[in-house]
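Peer 1: Sequence plus predicted model, see below.
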Amino acid sequence: MSNQPIPLSHFAPTHSSEVGKLVNETQQFIAHLSEKGGPDPSDYLMLNTLLQNFSEEKTQSMVSEAQLQKLREAFGDALSPETIQGWAYQQPLGYAGDFKIIEKIYNYERSPVHKLAKWDDFFHSQKAPKAVRNRLSLFLDQLWKTKMAHPSGTQILNVASGPGRDMYEALKVLGASDLRIDCVEQDSHAIDFAKTLCQEFHQNINFIHKNIFRFFTDTTYHLIWSAGLFDYFNDNLFKRTIRKLAKSLKPNGRMVIGNFSPDNPDRGYMELCNWKLIHRSKEHLAQLARECGFEDHQIQVEQEPEGINLFLVITN
């Protein structure tokens, strides 16, 4: 089988009769890669070209669950938890986007199983994991701005704090004096991991083992940050949570909410691996903020350098 990239238009189905051909060609190429021990960089363009077709809503509506399962079977052991894509698919902790997979992404983790390691190299080359890693510098920037504006004491709320890597990296740079971070996290294993990672900053970080819907506080915050939670919420839950958190913002406080953009080219690949998000555009995010009662001058939508992870910024 040739590894030469083929134009996207060659694959993109226009009606259901072409979907079977697309599935078969994708299945054969994935099986070929699995048999030879994973994709090499020279295979990436063709594999991405094939997988991107499954990001298209029109294509998704024509692909059956049986056809998707056929594609997944072609990966073989490459969809075991020994790979990052397999960890996403198998969900050993019971949910997508768990703290371990985020930590694997941050650390460029590579499978110790030689025949599977190339699949992790492919995974890390994608734009979506690059966008996740870009959250670290964005969090540092937000903390820096907040700390400079409130040098005598900075109150931060980190919602769905996961492995705590963003806090650890930021506090190593900024120092922890006069800075307090409350972390709301529903996974006790994530809290245990983050406590160990951030041990040197334990006096500045308070972990709260709660589902965000059961979290209530009288504390108010200069910055509320949530990078990887809201793109699992439908619009109603999104707005309900925004309204709830807004009550905990100090005057002139800022809320920063991450959400993947529909421009994510890896959506088909992620969903094939059972990692499903609700993608929202800049306009959609701004409209949801308006529906929560915020005015245009209070709303901004920023993005990380890949342009894939958007951040709704609401100023109180």
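Peer 2: On my side now, so go ahead. Numbers count the residues shown, from 1 in each chain.

Peer 1: going forward, measure contacts between C-alpha atoms and count neighbours the same way
Peer 2: Fine.

Peer 1: model confidence over the top strand by length along the chain, on average?
Peer 2: Longest strand in the chain, counting residues (DSSP state E): strand 249-260. Strand 249-260 carries an average pLDDT of 97.

Peer 1: what does it rub up against?
Peer 2: Strand 249-260 is touched from outside by 220-231, 246, 277-280, 308-316, with contacts defined as Cα atoms under 8 Å, 6 or more residues apart in numbering.

Peer 1: Buried subset of those, written for ChimeraX?
Peer 2: Listed next is the ChimeraX selection for buried residues among the contacts of strand 249-260, using 16 or more other Cα atoms under 10 Å:
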select :220,221,222,223,224,225,226,227,228,229,230,231,246,277,279,280,308,309,310,311,312,313,314,315,316
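
Peer 1: mind listing which of the contacts of strand 249-260 are in strands?
Peer 2: The strands, defined by DSSP E, take in 221-226, 309-315 from the contacts of strand 249-260.

Peer 1: farthest pair in those?
Peer 2: Largest separation among the ones in strands among the contacts of strand 249-260 by Cα to Cα: 221 and 309, giving 23.6 Å.

Peer 1: Show me what secondary structure element comes after the host helix or strand of residue 287.
Peer 2: In the assignment (DSSP states H and E), residue 287 maps to helix 282-291. Downstream of helix 282-291, the first helix or strand assigned by DSSP H and E is strand 299-303.

Peer 1: I'd like to check the angle between that next one and strand 249-260, please.
Peer 2: Interaxial angle of strand 299-303 relative to strand 249-260 (axes from the mean of the first three to the mean of the last three Cα atoms, to 10 degrees): 40 degrees.

Peer 1: Could you check how far strand 299-303 is from the centre of its chain?
Peer 2: Computed by Cα atoms, centre = their mean, to the nearest Å, the chain-centroid distance of strand 299-303 equals 17 Å.

Peer 1: what does that strand rub up against?
Peer 2: Outside strand 299-303, the residues touching it (Cα under 8 Å, 6+ apart) are 282, 285-286, 289, 309-315.

Peer 1: Out of the residues you listed, flag the one nearest to residue 121.
Peer 2: Within the contacts of strand 299-303, proximity to residue 121 (Cα to Cα) peaks at residue 309, which comes in at 20.9 Å.

Peer 1: quick one: the closest one and residue 132 touch, right?
Peer 2: Yes: the criterion here is Cα atoms under 8 Å, and residue 309 meets it with residue 132 at 7.4 Å.

Peer 1: Run a quick neighbour tally on residue 93.
Peer 2: 14 (other Cα atoms under 10 Å).

Peer 1: repeat for residue 66
Peer 2: Neighbours around residue 66, by other Cα under 10 Å: 9.

Peer 1: Quick one: residues in contact with the helix or strand hosting it.
Peer 2: Secondary structure assigned from DSSP H and E places residue 66 in helix 65-75. Residues outside helix 65-75 that contact it (Cα under 8 Å, 6+ apart) are 20, 23, 26-28, 30-31, 34, 79, 272-273.

Peer 1: Could you work out the most separated pair of those residues?
Peer 2: Going by Cα to Cα, the pair spanning the contacts of helix 65-75 furthest: 20 and 79, at 22.0 Å.

Peer 1: How is residue 23 assigned, secondary-structure-wise?
Peer 2: Put simply, residue 23 is helix when judged by DSSP: H, G, I helix; E, B strand; the rest coil.

Peer 1: Could you measure from it over to residue 32?
Peer 2: To residue 32, residue 23 is 14 Å away according to Cα to Cα, to the nearest Å.

Peer 1: Check residue 300 too.
Peer 2: 46 Å.

Peer 1: what do you get for residue 194?
Peer 2: For residue 194, the distance to residue 32 - Cα to Cα - is 39 Å.

Peer 1: Check residue 180 too.
Peer 2: 52 Å.

Peer 1: again with residue 218
Peer 2: From residue 218 across to residue 32, the span is 57 Å (Cα to Cα).

Peer 1: Neighbour count for these two, which is higher?
Peer 2: A direct count of neighbours by other Cα under 10 Å for residue 218 and residue 32 places residue 32 higher, at 16 against 7.

Peer 1: pLDDT score for that one?
Peer 2: Per-residue pLDDT puts residue 32 at 96.

Peer 1: Show me which positions of the strand or helix carrying it end up buried.
Peer 2: Taking DSSP H and E as the criterion, residue 32 maps to helix 19-35. By 16+ other Cα under 10 Å, the buried positions in helix 19-35 come out as 19, 22-23, 26-27, 29-34.

Peer 1: Run a quick neighbour tally on residue 63.
Peer 2: Neighbours of residue 63 under the rule other Cα under 10 Å: 16.

Peer 1: ok, now the one 4 residues further on?
Peer 2: By the criterion of other Cα under 10 Å, residue 67 has 16 neighbours.
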